[in-house]
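Peer 1: Kindly generate the corresponding structure for this input.
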Amino acid sequence: MAQKLLIRDLTLRDGQQSSFATRMTQKQIDRVLPYYKDANFYAMEVWGGAVPDSVMRYLNENPWDRLEKIKAAVGDVSKLTALSRGRNLFGYAPYTDEIIEGFCRNSIESGLGIMRIFDALNDVNNVKSTIKYVKKYGGIADCAVCYTIDPKYPKLSFFDKLKGKKNPEPVFTNAYFLDKAKQMAALGADMVTIKDMSGLIQPSRIAELIPLFKQNLSIPVDFHTHCTPGYGLGAVLMAIVKGVDIVDTNIWNFAGGTGAPAIELIYVFCKKLGVELDVNMEAVAKINKELYGIRKELEAVDASKQFPNPFNPLTDTLPANIDKEFDKAIEAAKANQEEALLAACHAIEAYFNFPKPNELVKKAEVPGGMYSNMVAQLKQLNSMDILEKSMELIPTVRLAAGLPPLVTPTSQIVGAQAVNCALDLKAGKPMYSNVSNQFVNLVKGEYGKTPVPVDPEFRLKIAGTREETPYDTSKYKMQPNPELPEAGGVKLAVNEKEVLLLELFPQVAKNFLTKQKVEAYEAQHKTEEPKAAKTVAEEKTEEPITGKTVKAPMPGSVLRFTVKPGDSVTKGQTVVILEAMKMENSIASDYTGKVKRLLVKEGTTVAADAPMIEIEA
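Peer 2: All right, here's what the predicted structure looks like:
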C-alpha cells in the first residue's frame with residue numbers, strides 16, 4: 001500500500017506570524033477561504049500563537065470572531081488547529097484549571113478541531129490539564145515535544161581541565177525527546193508533533209527521530225520546522241522518506257525564509273516518491289494567487305520583501321537541471337547523505353528565489369525570533385555594540401536558569417536576560433544586577449521543572465529562596481471587570497469569551513474591549529448632544545516637575561503602577577511594572593518620600609529615561 005502523507009497548512013497562522021507580523025485582517029482572510037474549502041488539507045492552523053493578541057492589538061478585531069468565521073466558511077473539510085502553551089495558554093503566567101477548561105470549551109465550540117499543546121520547558125505536567133479538557137469537549141489533543149539543542153559551551157582552558165572542570169553532558173538526546181513523547185501519549189495525546197520552532201533540526205537528526213517515534217508510539221507523528229537557517233526543506237523531505245504521518249507547510253507566497261517549506265515543493269517530492277497526497281493543488285494555486293496580492297498589501301511588515309518566482313506544479317514544467325536537483329535530494333535523503341541533500345535543496349530554493357539560509361542564526365544556534373528580539377531591544381537601548389557579548393552570554397544564562405529549551409516564552413526570557421547581563425557588565429556592575437520578573441519566576445520554579453536543576457545558591461541570589469517553588473494557582477486573582485461610565489455603565493467584559501480575553505491579555509484586551517464598548521455606545525447615542533467642550537481648567541498646561549522622578553530604564557509600556565498619589569515609598573521599593581520586549585520589569589524608586597503624582601497613564605508607551613512618577617523626597 002502506498003505511503004499516505006497528511007498536510008497541516010500553516011499559512012493563516014504560523015505563516016503570516018513568521019513573515020508578516022500576524023497582520024492579516026479578517027477581510028484578507030475572507031478572500032482565500034472559499035478556495036480553502038476546496039483544498040482538502042487535513043488541517044489548517046488558523047488560531048493561537050500571536051493571532052489572538054495581534055488581531056486585538058493592531059487590527060481592532062475580535063479573536064473569537066476570526067475562529068468562528070473561518071469555521072463557517074470551511075466547515076468540516078479541514079480540522080482547524082490552534083497553538084497553545086499548555087498551562088500558560090497564550091500568556092506568560094500559569095492559569096488555573098477553571099480558566100484552561102473555559103478556554104478549551106469555548107475554543108472547541110467556536111470551531112477548533114485540534115489543539116496543539118506545548119510547554120516551553122517540555123514539562124509534561126504543564127500540558128496535563130489542556131489534554132484533559134480538549135478531549136472532554138471533543139477536540140483532538142496534539143502534544144508537541146519542543147526540539148532544542150544543547151548550547152555550545154565556552155572551550156575549557158588547559159588550567160580548567162587540570163582542575164578537573166568539565167562542561168555539562170548533553171541533555172537533549174534522542175532518548176530525552178522520546179521519553180517526553182511517551183509521557184504525553186500516556187496522558188492521552190491523540191497525536192505527537194516534533195516541534196522545531198527554530199528550524200535548527202538537521203536532516204540527519206530527524207532521520208533518527210522519526211523512526212524512533214514511529215517504532216515506540218501508536219499515535220500519528222507530525223513534523224513542524226522552519227527554513228530560517230536552511231535545514232527546513234531537507235529536514236521535511238527526510239521526515240517523509242522516514243515515514244512521518246503529517247508535515248506542516250505554507251503555501252508558496254508565504255513559504256520559505258522564516259516560514260515553513262512550500263507545499264508546492266513537497267508535492268513535487270511526493271509525486272516522485274509515489275507518496276499519496278490528498279490535497280487539491282488546483283485550489284492551492286487559487287489561494288496562492290490571492291496570497292500574492294495580500295502579501296503586496298502587507299509590504300510594510302514583510303520580513304524579507306523577497307517574493308519567490310511564480311510556480312504551479314500542475315502547469316509549469318521544471319527545467320531539466322532543477323528537476324535533477326529534486327532527484328538528487330531524494331537519493332541523498334534515502335542514503336542519509338545530509339550534505340548532498342542540503343546542497344540539492346538549497347539549489348532548488350535558490351532557483352525559485354526563496355530567501356537564502358540565515359547564516360547568523362545557523363551559527364548562533366538560536367531561534368531567529370529570539371535573535372531579532374535581541375537586536376530590536378539593543379537598537380532601542382542604543383547599545384548595538386554589545387550584541388556580540390549578549391549572544392556570547394546566552395549559554396551561560398541558559399545553563400544557570402536550568403537549561404530551558406529556546407522556545408516562546410523561555411527564548412525571550414533568556415535572550416532578554418543575556419542582554420541585561422551584557423548591559424550590567426558594560427556599566428561595570430555584576431551580572432544579574434537587573435533581572436526581569438519572568439527570569440525570577442523561571443529560576444524560582446513557577447514555570448515548571450527545568451531540564452536540569454537550578455543551583456540553589458543561584459536561586460537564592462535571583463529569587464530570594466533556595467527551594468524550588470512551583471506556581472500556586474490558588475493565589476490566582478482574576479482581572480478586574482469594571483463598569484464603563486463612558487459606555488453607559490456596561491461591564492468591560494460581558495460574556496465568558498470576553499472574560500477569557502481579559503485574563504489572557506489583560507492590557508491589550510482591556511484597551512480593545514473598552515474601545516468596542518465605547519464605539520457601540522456612541523453609535524447608539526450619536527443623535528444626542530455632542531460632548532461639552534473641554535473646560536479651560538482641563539486645557540491648562542501640565543505643572544512643572546519639582547520633585548524627584550522615577551524614570552524608565554528602557555523603552556517599554558507601563559503595565560501597572562503599584563503605588564498611587566499620596567502613598568509613602570521607600571528607596572528600593574517597586575513602584576511600577578514596565579513591559580519591555582515582552583518581559584515584565586519591576587522598577588524601583590531611588591528615593592524615600594511621598595508619591596506626588598503619576599506622570600503617565602497605565603498602558604502608555606514610554607521612551608528610555610521618560611519620567612513616570614514624581615516623588616517628594
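
Peer 1: List the buried residues of the longest helix seen in the chain.
Peer 2: In the chain, with assignment by DSSP state H, the single longest helix is helix 506-524. Buried residues in helix 506-524, defined by neighbour count with 16 or more other Cβ atoms under 10 Å: 506-510, 512-513, 516-517, 521. C-beta: built from backbone N, CA, C; applies to glycine.

Peer 1: Same check on stretch 336-351?
Peer 2: So for stretch 336-351, counting by 16+ other Cβ under 10 Å, buried means 337-338, 340-349, 351.

Peer 1: Which residues does that stretch contact?
Peer 2: 202-204, 207, 227, 230-231, 233-234, 237-238, 256, 265, 309, 319, 322, 325-326, 328-329, 331-333, 356-357 (Cβ atoms under 8 Å, 6 or more residues apart in numbering).

Peer 1: 6 Å instead, please
Peer 2: With contact meaning Cβ atoms under 6 Å, 6 or more residues apart in numbering, stretch 336-351 is reached by 203-204, 207, 233-234, 322, 325, 328-329, 332-333.

Peer 1: buried subset of those residues?
Peer 2: 203-204, 207, 233-234, 325, 328-329, 332-333.

Peer 1: which one among the residues you listed gets closest to Gly102?
Peer 2: Taking Cβ to Cβ as the measure, Gly102 sits nearest to Leu233 out of the buried ones among the contacts of stretch 336-351, at 39.9 Å.

Peer 1: and the next element down the chain from the helix or strand encompassing the closest one?
Peer 2: Using DSSP states H and E, Leu233 falls within helix 232-241. Once the chain leaves helix 232-241, the next helix or strand it forms, by DSSP H and E, is strand 246-249.

Peer 1: Just checking the distance from stretch 172-179 to the centre of its chain.
Peer 2: Mean-position distance between stretch 172-179 and its chain equals 23 Å (Cα atoms, centre = their mean, to the nearest Å).

Peer 1: gap between the nearest residue to Ala2 once chain neighbours are set aside and Ile7?
Peer 2: Once flanking residues are discounted, Ala2 sits nearest to Glu276: 5.0 Å by Cβ to Cβ, 6 or more residues apart in numbering. According to Cβ to Cβ, to the nearest Å, Glu276 stands 11 Å off from Ile7.

Peer 1: same deal with Ile117?
Peer 2: 20 Å.

Peer 1: Those two: who's more crowded?
Peer 2: Ile117 (28 against 24; other Cβ atoms under 10 Å).

Peer 1: lowest average confidence, helix or strand, in this structure?
Peer 2: None of the helices or strands of the chain scores lower by mean pLDDT, DSSP states H and E than helix 536-539, at a mean of 40.

Peer 1: Following element in sequence after it, please.
Peer 2: Assignment by DSSP H and E places the next element after helix 536-539 at strand 548-551.

Peer 1: residue ranges of the helices in the stretch 1-150 of the chain, please?
Peer 2: When assigned using DSSP state H, counting those that start in this stretch, the helices of the stretch 1-150 of the chain occupy the ranges 16-20, 26-39, 51-57, 63-74, 97-109, 128-136.

Peer 1: Next, format those as TSV and append distance to Gly488.
Peer 2: As requested, these are exported to TSV (distance: least, Cβ to Cβ, whole Å):
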stretch	distance to Gly488
helix 16-20	36
helix 26-39	27
helix 51-57	22
helix 63-74	22
helix 97-109	26
helix 128-136	35
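
Peer 1: quick revisit: could I have the CA atoms of the helix holding Leu233 written out in PDB?
Peer 2: Provided in PDB are the C-alpha atoms of helix 232-241 (Å, rounded to 0.1, in the frame of the first residue of the first chain):
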ATOM      1  CA  GLY A 232      13.800  23.100   6.600                       C
ATOM      2  CA  LEU A 233      13.100  21.700   3.200                       C
ATOM      3  CA  GLY A 234      15.800  19.000   3.500                       C
ATOM      4  CA  ALA A 235      14.500  18.000   7.000                       C
ATOM      5  CA  VAL A 236      10.900  17.700   5.800                       C
ATOM      6  CA  LEU A 237      11.900  15.600   2.800                       C
ATOM      7  CA  MET A 238      13.900  13.400   5.200                       C
ATOM      8  CA  ALA A 239      10.900  13.000   7.500                       C
ATOM      9  CA  ILE A 240       8.700  11.900   4.600                       C
ATOM     10  CA  VAL A 241      11.300   9.400   3.500                       C
END
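
Peer 1: list the helices and strands it packs on?
Peer 2: helix 203-216, helix 320-334, helix 338-351 (3 or more Cβ pairs under 6 Å, 6 or more residues apart in numbering; DSSP states H and E).

Peer 1: quick one: contacts of the first one?
Peer 2: Under the criterion Cβ under 6 Å, 6+ apart, residues 174, 178, 221, 234-235, 238-239, 242-244, 336, 338, 341 lie in contact with helix 203-216.

Peer 1: Show me which residues of stretch 551-569 are buried.
Peer 2: Neighbour-count burial for stretch 551-569 [16+ other Cβ under 10 Å]: 551-559, 561, 563, 569.

Peer 1: and which of the residues you listed is nearest to Val494?
Peer 2: Leu559 (24.2 Å).

Peer 1: from what I can see the closest one touches Val576, true?
Peer 2: No. Using Cβ atoms under 6 Å as the test, Leu559 is too far from Val576 to be in contact (8.0 Å).

Peer 1: quick one: average pLDDT of stretch 102-111?
Peer 2: Mean pLDDT, computed over stretch 102-111, is 97.

Peer 1: An error on my part: the question was meant for stretch 45-58.
Peer 2: pLDDT averaged over stretch 45-58 gives 93.

Peer 1: Quick one: low-confidence residue ranges for this structure.
Peer 2: 1, 91-92, 527-542, 554-555, 580-584 (pLDDT under 70).

Peer 1: residue closest to the middle of it?
Peer 2: Centroid check for the chain by Cα atoms, centre = their mean gives Thr408 as the closest residue, at 4.8 Å.

Peer 1: what's the nearest residue to it if we skip its chain neighbours?
Peer 2: Ala120 (6.7 Å).

Peer 1: Ok, Ser218 next?
Peer 2: Ala185 (7.6 Å).

Peer 1: element containing the one you found, please.
Peer 2: helix 174-186.

Peer 1: quick one: the strands in the stretch 251-400 of the chain?
Peer 2: Ranges of strands within the stretch 251-400 of the chain are 276-277, based on DSSP state E, counting those that start in this stretch.

Peer 1: can you give me the helices for it?
Peer 2: Under DSSP H, counting those that start in this stretch, the stretch 251-400 of the chain gives helices at 263-273, 281-297, 320-334, 338-351, 359-364, 368-380, 387-400.

Peer 1: for the first one, which positions count as buried?
Peer 2: Burial within helix 263-273, assessed by neighbour count using 16+ other Cβ under 10 Å, is assigned to 263-270, 273.

Peer 1: now swap in the shortest one and tell me
Peer 2: By neighbour count, with 16+ other Cβ under 10 Å as the criterion, the buried positions of helix 359-364 are 361-362, 364.

Peer 1: ok so, going back, okay, now the residue nearest to Thr408: neighbour count?
Peer 2: For Ala120, the neighbour count with other Cβ under 10 Å is 25.
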